[in-house]
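Undergrad: My questions are about this predicted structure, shown below with the sequence.
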Amino acid sequence: MARGRGQSAFQGLTWNGWGPAKPDQEAHVPEGTGGTPPRTLAEALRAQGDGSLVALLRARPDLLSPVPSDLSQLATRAGTRASVVRALERLDRFTLQTAEALAVAAEPAPYEALRALLTGDEGDPEIEAALPRAVATLRDRALIWGADDRLRLVRTARELLAPSPAHPSPTGLGPTVAEATAGMSPGRLQEILTAAGLPSTHDPVSAVASLTALFTDRTRMAALLDTAPVEALSVLDRLVWGPPYGEVTSSPTPPVQWLRDRGLLLPATTRTVVLPREAALHLRAGRAHRTPEPVAPGVAPRASDASTGARPQVVDNTAAGQAYTTLATIEELAKDWNEGGPNVLRAGGLSVRDLKRTATALDVAEPVAAFWVELAYAAGLLAADGEADERYAPTPAYDDWQELPAPERWARLATAWLTATRTAGLVGSQDSKGRTLAALGPDLDRGAAPEVRRRILDLLATLPEGTAPDPESLLARLRWERPLRGASGAGRADDLRTRLAAWTLNEAEMLGITGRGALSSHARALLAPDDAGTPDEDTLTPGELAAAGRRAARALAPLLPEPLDHVLLQADLTAVAPGPLLRPLAELLAIAADVESKGGATVYRFTPGSVRRALDAGQSASDLHDFLRNHSRTPVPQPLAYLIDDVARKHGHLRVGAASAYVRCDDEAVLDEILADKRSQGLRLRRLAPTVLAAHADAVTLLDGLRVMGFAPAAESAEGDVMITRAHAHRTPPRTAPAPVPDGPPTPDTALLSAAVRAIRAGDLAATVVHKPVPEPSGSGSAALASAAAASRNGALPRTTSAETLATVQAAAMTGSAVWIGYVNADGAASQRVIAPVRVEGGYVTGYDHTADEVRTYPLHRITGVAELADDPA
């Protein structure tokens, strides 16, 4: 009821830049006041609809941290150096060139002047077609404002892009004639006018204007240059495209002196001259840039694929084979670290020695091993255990991951790689302080990595299926899209974005996203839009990412081989697995045999040591015979059966326990043989009984020593039972995957953007609302009233006494009108609000707060001032 009354009172007011928009319309105000052009960026933003503000905040999410209180604060924040630099870094090359051209144009610049700077005197249809898009992009991102006849670059952007001796412009242009002649003596200016054939003037301002008019007049400027010596024209040719500065001696050569006399070279310092901007533009035929790039360079196919390319089926099969290798490698890595992996360095990360050992275990190079380790870590499959002697180990999530079908396991790895900011390619390099970056270390996050990965794959998706890109054309496209991101090394091989692109291509091939350099069909499914539309990588929710993974898994499933339940046993004590094996078969075979070679088929070799390992794990000879008989498509070779029986016959014949350690055996001859062997001297054995030997070594050392001597001892418990030896799977406590470190604030979702725009509009309402002026005091009126009147004239909220505040809000409650109040909350934060009071009692006023868009109650003692709103001018 109260809310309805407040709204009713407020709806009697017209929209003057602060009232609420209708539900089916965007809030909009005319430019400036009374139809005049906007004078500031804030006024320009105020003239835009909600859709434009949403687009601005989506393109520049840093403006939302925190949400601005009104449009003036939004404009101020949009003009800060850090925010402008971030916005410029996200422009493509031609849009950036447009901003650079606007920075060297007169302010404000009409659209035609901007177009002339980009197209030159001869014109360029491609530039003319692309320029409206570039101007719209700059305007949408609040880097320029004003109508097309009065375009203005944001002041901070102009300072960053305009030419200066300390920061040369990318255009290669120098200062204007007015800037270069600032501080020059009037007499020297008149000498330049006389030498250039211009009439003398009465003051420096008109002299500068006359010289500027000469340099911008194509006909007169051409006539002047026709009289220049050839050597002088050569000097201009060297300066025309930048840098525009040159050093001169105290006695310049005649060509340079000729140029100085006519103002074509103006002094910058005592030993430096500069080519004025207007003269350079004439020599360039009006172009601000030597090579404008209005069209993005295309991604060309690789030279070997330009004519035919690879068949899509070959690409998919190659990628699927590598996807299977990815799963096998991650499992092998987790198996190697199963009982507790390498120690965590004090500073975090993996030591160089442990990385080498891991690379040896995986049979890959160290950079490749670093990639697999980082991939498993990004997917949450590996982590530090957090114990006192901290080590890396698989997480409980790894056990859950193993239970998933192979396509889903791969999809989880692929989505983790796509969004991870950790960059394995940096491992082994040095940071700014000269410290070597370690795998799993704390300094490997690069916020640009997910953007580059996603963009690379999107560009690959534009090529025909089965076509690999030319790497140079791909890098050229990336540099066109974000020219300032690698400004410190743009075009160089060590530019971070260039390195990220190269790493992305290599990692995508290893991961099975690409095959033979071309994008696979399951990777296209990973990138493809769902039914809801095309998702932006920056706005993917976990649910959308999981849905993309499921699409990729469905596309990959037909390409992966089905796990087999059999092997082929051969007479040379080997077993050939012609494909991936079922997990129980693979696990037992890994215990009973050693992997000899990998590839399309895996070759296992049975040895006495591997058979003994199976017996130690609790298998009996009959178990091994049955296992091989049930899972071999070929008969069990006789040599293999003999090997199993021979090792089993010796296994457990000797028993080792703790004395420190002891050996017992029912066959005294065997113990005599051990004592007679010189290799047993290090164990320091002595006979306690005819069938028992005692040792000073511990049980583990004694077991290893006897096995080296060729025996097959078995460990026994304190009760005399044979101890079954199984690998102890060490797991970390539950760990979450490392969160990506974004490059700046994340892109806000639609709900947040809508709420932010409503809050900004509401705050702007309170800041710009028009209120009734406070009447001037008459006679010997109070000083407080005079102060309130002065504040009202200045557009500020006047301070009122408690009695005046109470009387005004009571009158507003009775008439159903809205008032403008100043309020200080319990934390001391001051704000301005527009409320429609509905009840005033007990020292509180309750009303509909148009700023917060809800009914609120305010203590009267916290209201610093109140003013009535102006009547509708209509």
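TA: Okay, I see it.
Undergrad: contacts and neighbour counts: CA atoms only from here.
TA: Will do.
Undergrad: what's the distance between the residue lying closest to residue 153 once chain neighbours are set aside and residue 59?
TA: Distance criterion Cα to Cα, 6 or more residues apart in numbering; nearest residue to residue 153, sequence neighbours excluded, is residue 144 at 4.4 Å. According to Cα to Cα, to the nearest Å, residue 144 and residue 59 sit 14 Å apart.
Undergrad: Next, count neighbours for the nearest residue to residue 799 once chain neighbours are set aside.
TA: Nearest non-adjacent residue to residue 799, counting by Cα to Cα, 6+ apart: residue 865, 4.2 Å away. Using other Cα atoms under 10 Å, residue 865 has 21 other residues around it.
Undergrad: swap in residue 292?
TA: Counted with other Cα under 10 Å, residue 292 comes out at 17.
Undergrad: and if you look at residue 745?
TA: Counted with other Cα under 10 Å, the neighbours of residue 745 add up to 13.
Undergrad: that older thread, looking at residue 144 and residue 59, which is more packed in?
TA: Under the neighbour definition other Cα under 10 Å, residue 144 and residue 59 were set side by side, and residue 144 has more, 23 against 18.
Undergrad: hmm, back to that, let's test this: what are the backbone torsions at the residue nearest to residue 799?
TA: phi -170, psi 160 (degrees, to the nearest 10).
Undergrad: shouldn't it be in contact with residue 807?
TA: No - if you go by Cα atoms under 8 Å, residue 865 and residue 807 don't touch, sitting 11.8 Å apart.
Undergrad: dump the residue contacts of the residue nearest to residue 153.
TA: Shown in contact with residue 144 (Cα atoms under 8 Å, 6 or more residues apart in numbering): 138, 151-154.
Undergrad: Please tell me how far it sits from residue 103.
TA: 10 Å.
Undergrad: hang on, the earlier thing: confidence score at the residue nearest to residue 153?
TA: With respect to pLDDT, residue 144 scores 95.
Undergrad: what do you get for residue 586?
TA: 83.
Undergrad: repeat for residue 42
TA: 90.
Undergrad: what packs against the helix or strand hosting it?
TA: Using DSSP states H and E, residue 42 sits within helix 41-46. Packed against helix 41-46 by the contact rule (3 or more Cα pairs under 8 Å, 6 or more residues apart in numbering; DSSP states H and E) you find helix 71-78.
Undergrad: rerun at 10 Å
TA: Secondary-structure packing of helix 41-46 (3 or more Cα pairs under 10 Å, 6 or more residues apart in numbering; DSSP states H and E): helix 50-59, helix 71-78, helix 125-140, strand 144-145.
Undergrad: List the buried residues for the first one?
TA: Right, the one you point to is helix 50-59. Across helix 50-59, burial judged by 16 or more other Cα atoms under 10 Å covers 50, 52-54, 56-59.
Undergrad: From the chain's centroid, how far away is it?
TA: Relative to the centre of its chain, helix 50-59 is centred 21 Å away, using Cα atoms, centre = their mean, to the nearest Å.
Undergrad: I'd like to check what contacts it. Which residues are they?
TA: Residues from elsewhere that reach helix 50-59 (Cα atoms under 10 Å, 6 or more residues apart in numbering): 21, 25-28, 45-46, 60-61, 63-64, 67, 71, 74, 78, 87, 90, 137, 139-142, 746-750, 752-758, 760-761.
Undergrad: tell me the mean pLDDT over that helix?
TA: The model assigns helix 50-59 a mean pLDDT of 92.
Undergrad: same question, the longest one
TA: Averaging pLDDT along helix 125-140 gives 95.
Undergrad: Taking helix 50-59 as reference, get the angle to it.
TA: With axes from the mean of the first three to the mean of the last three Cα atoms, to 10 degrees defining the directions, helix 125-140 sits at 90 degrees from helix 50-59.
Undergrad: go on, the second one?
TA: Between the direction of helix 71-78 and that of helix 50-59, the angle (the same axes, to 10 degrees) works out to 30 degrees.
Undergrad: Give me the next element, helix or strand, following helix 71-78.
TA: Helix 71-78 is succeeded, C-terminally, by helix 81-89 (DSSP H and E).
Undergrad: what helices or strands is that following helix leaning on?
TA: Counting by 3+ Cα pairs under 10 Å, 6+ apart, helix 81-89 packs on helix 71-78, helix 93-103, helix 155-161.
Undergrad: and for the shortest one, what are the contacting residues?
TA: It stands for helix 155-161. Applying Cα under 10 Å, 6+ apart, the contact partners of helix 155-161 are 78-85, 87-88, 96-97, 99-104, 143-144, 152-153, 162, 167-171.
Undergrad: Could you rerun that using 6 Å?
TA: Under the contact criterion Cα atoms under 6 Å, 6 or more residues apart in numbering, helix 155-161 has outside partners 79, 100, 103.
Undergrad: Please apply the same query to the first one.
TA: Identification of contacts with helix 71-78 by Cα under 6 Å, 6+ apart yields 41-42, 68, 764.
Undergrad: Can you give me the first-to-last residue distance of stretch 254-269?
TA: End to end - Cα to Cα - stretch 254-269 spans 20 Å.
Undergrad: now it: mean pLDDT?
TA: Mean per-residue pLDDT for stretch 254-269: 92.
Undergrad: how about that stretch: buried residues?
TA: Neighbour counts using 16+ other Cα under 10 Å place 255-268 of stretch 254-269 among the buried residues.
Undergrad: Go ahead and measure how far it is from the middle of the chain.
TA: Here the centre of stretch 254-269 is set off from its chain's centre by 49 Å, with Cα atoms, centre = their mean.
Undergrad: Please identify the helix or strand for residue 207.
TA: Assigned by DSSP H and E, residue 207 belongs to helix 204-216.
Undergrad: Lowest mean pLDDT among the helices and strands of this structure, which one is it?
TA: helix 2-10 (a mean of 36; mean pLDDT, DSSP states H and E).
Undergrad: you'd agree residue 595 is in a strand?
TA: Yes - looking at residue 595 with DSSP: H, G, I helix; E, B strand; the rest coil, it is inside a strand.
Undergrad: Identify the residues contacting residue 483.
TA: Taking Cα under 6 Å, 6+ apart as the criterion, residue 483 is in contact with residue 93.
Undergrad: Tell me the pLDDT of it.
TA: We have a pLDDT of 89 for residue 483.
Undergrad: Likewise for residue 357?
TA: Here, the pLDDT recorded for residue 357 equals 94.
Undergrad: Helix, strand, or coil at it?
TA: helix.
Undergrad: just to revisit the earlier point, residues making contact with the helix or strand that comes right after the helix holding residue 207?
TA: Downstream of helix 204-216, the first helix or strand assigned by DSSP H and E is helix 218-226. Helix 218-226 has contacts (Cα under 6 Å, 6+ apart) with residue 215.
Undergrad: can you pull the buried residues of helix 218-226?
TA: By 16+ other Cα under 10 Å, the buried positions in helix 218-226 come out as residue 221.
Undergrad: Where does the prediction get shaky in the stretch 651-800 of the chain?
TA: The stretch 651-800 of the chain contains residues with pLDDT under 70 at 653-659, 719-720, 723-728, 766, 769-798.
Undergrad: can we see that at 50?
TA: Scanning the stretch 651-800 of the chain for pLDDT under 50 picks out 777-785, 787-788, 791-792, 795.
Undergrad: and the longest strand belonging to the chain, which strands flank it?
TA: The residue-count maximum for a strand in the chain (DSSP state E) belongs to strand 830-841. With DSSP bridges as the test, strand 830-841 is paired with strand 819-824 (antiparallel), strand 844-849 (antiparallel).
Undergrad: avg pLDDT for the first one?
TA: Which is strand 819-824. In this model, strand 819-824 has an average pLDDT of 84.
Undergrad: chain center to that strand, what's the gap?
TA: Relative to its chain's centre, strand 819-824 lies at 42 Å (Cα atoms, centre = their mean).
Undergrad: switch to numbering from 725
TA: In the new numbering, first residue 725, that becomes strand 1543-1548.
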